[in-house]
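Peer 1: give me coordinates for this.
(chains A and B)
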Amino acid sequence: DAKTTQPPSMDCAEGRAANLPCNHSTISGNEYVYWYRQIHSQGPQYIIHGLKNNETNEMASLIITEDRKSSTLILPHATLRDTAVYYCIVRDSFGNEKLTFGTGTRLTIIP
Amino acid sequence: NAGVMQNPRHLVRRRGQEARLRCSPMKGHSHVYWYRQLPEEGLKFMVYLQKENIIDESGMPKERFSAEFPKEGPSILRIQQVVRGDSAAYFCASSPNSLAGGHAQGEQFFGPGTRLTVL
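Peer 2: Below you'll find the model as predicted:
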């Protein structure tokens, strides 16, 4: 069962920052927060992951609260191509464990 | 470096037939995962394999489903005597043996999927 809670859907205007929240109140000390997205009918795509520090890469930023019970994925300048289902996943990074997908957030970028 | 390849992309079978789905992981990856996505649902883990070994099959149905990842060649997900409820998108993912090429630790790379339709 997924260990995360996400809103089922969100809209964001094109060019604006999209902020996707995720609650993971039962996260344990050795578990990382991963974000993947699935653009319609395609295979999921890795976005970013983090443990406790904020992370940034060419796709997005990840903000993790100090108590690690929640996080926010930020797409700084959303484009229409960012319309997808976004999955927040908690897992132990040092194994090669399966990914447990929840229902995710369906993000729609509005022109 | 080619990505994860899956074939066929679309597969149509009649009830009772067998379905064979193939997955070629990325070069240098020896970990393969299979996931299933039923219509309008999220992805569900099925099985995790390394070369010649099944590591975790906790998501595999008890009957009719099997998976292998031989020493040579692609990983195969086999579904015997398919039923309409097997209609779904089947995704394969692979991950590297170790940190390499700047990839995130534990990152899984997904293929485009095989869409199985059972008539």
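
Peer 1: for B:Met26, grab phi and psi.
Peer 2: phi -60, psi 150 (degrees, to the nearest 10).

Peer 1: hey, what's the closest residue to chain A within chain B bridged with?
Peer 2: Across chain B, no residue is closer to chain A than B:Phe110, which sits at 3.3 Å (C-beta to the nearest C-beta). (Glycine included, C-beta is placed from N, CA and C.) As for beta bridges, B:Phe110 partners with B:Ala93 under DSSP bridges.

Peer 1: and for it, the neighbour number?
Peer 2: Neighbours of B:Phe110 under the rule other C-beta atoms under 10 Å in any protein chain shown: 23.

Peer 1: wait, it touches A:Ile39, no?
Peer 2: No: with contacts defined as C-beta atoms under 8 Å, B:Phe110 does not count as touching A:Ile39, sitting 11.2 Å away.

Peer 1: which neighbours do these two share?
Peer 2: Counting by C-beta atoms under 8 Å, 6 or more residues apart in numbering or on different chains, the common neighbours of B:Phe110 and A:Ile39 are A:Gln45.

Peer 1: any weak-confidence spans in the chain?
Peer 2: I'll assume chain A. A:1-2, A:93-96 (pLDDT under 70).

Peer 1: let me rephrase: I mean chain B.
Peer 2: B:1, B:97-106.

Peer 1: and it, which residues reach chain A?
Peer 2: Residues of chain B lying near chain A by C-beta under 8 Å from any C-beta of the partner chain: B:4, B:31, B:33, B:35, B:42-45, B:48, B:55-56, B:59, B:89, B:91, B:93, B:95, B:104-113.

Peer 1: in strands, which of these fall?
Peer 2: B:31, B:33, B:35, B:43-45, B:48, B:55-56, B:89, B:91, B:93, B:95, B:109-110 (DSSP state E).

Peer 1: closest to A:Thr79 among those?
Peer 2: Closest approach between those and A:Thr79, by C-beta to C-beta: B:Phe110, at 21.3 Å.

Peer 1: buried stuff in stretch A:70-87?
Peer 2: Applying a neighbour-count criterion of 16 or more other C-beta atoms under 10 Å in any protein chain shown, one finds A:70-71, A:73-75, A:78, A:82-87 buried in stretch A:70-87.

Peer 1: how about stretch B:68-76?
Peer 2: B:68-69, B:74-76.

Peer 1: restrict that stretch to CA atoms and write it as PDB.
Peer 2: Provided in PDB are the C-alpha atoms of stretch B:68-76 (Å, rounded to 0.1, in the frame of the first residue of the first chain):
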ATOM      1  CA  GLU B  68      12.000 -15.000 -16.300                       C
ATOM      2  CA  PHE B  69      15.200 -13.000 -17.000                       C
ATOM      3  CA  PRO B  70      17.700 -15.400 -18.600                       C
ATOM      4  CA  LYS B  71      21.400 -15.000 -18.700                       C
ATOM      5  CA  GLU B  72      21.100 -14.100 -22.400                       C
ATOM      6  CA  GLY B  73      18.200 -12.300 -23.900                       C
ATOM      7  CA  PRO B  74      15.300 -10.200 -22.700                       C
ATOM      8  CA  SER B  75      13.100 -10.600 -19.700                       C
ATOM      9  CA  ILE B  76       9.800 -12.400 -20.500                       C
END
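
Peer 1: contact partners of it?
Peer 2: Stretch B:68-76 is contacted from outside by B:20-25, B:32, B:34, B:49-54, B:67, B:78, B:92, using C-beta under 8 Å, 6+ apart.

Peer 1: kindly recompute the last result at 6 Å.
Peer 2: With contact meaning C-beta atoms under 6 Å, 6 or more residues apart in numbering or on different chains, stretch B:68-76 is reached by B:20, B:22-24, B:32, B:49, B:51-52.
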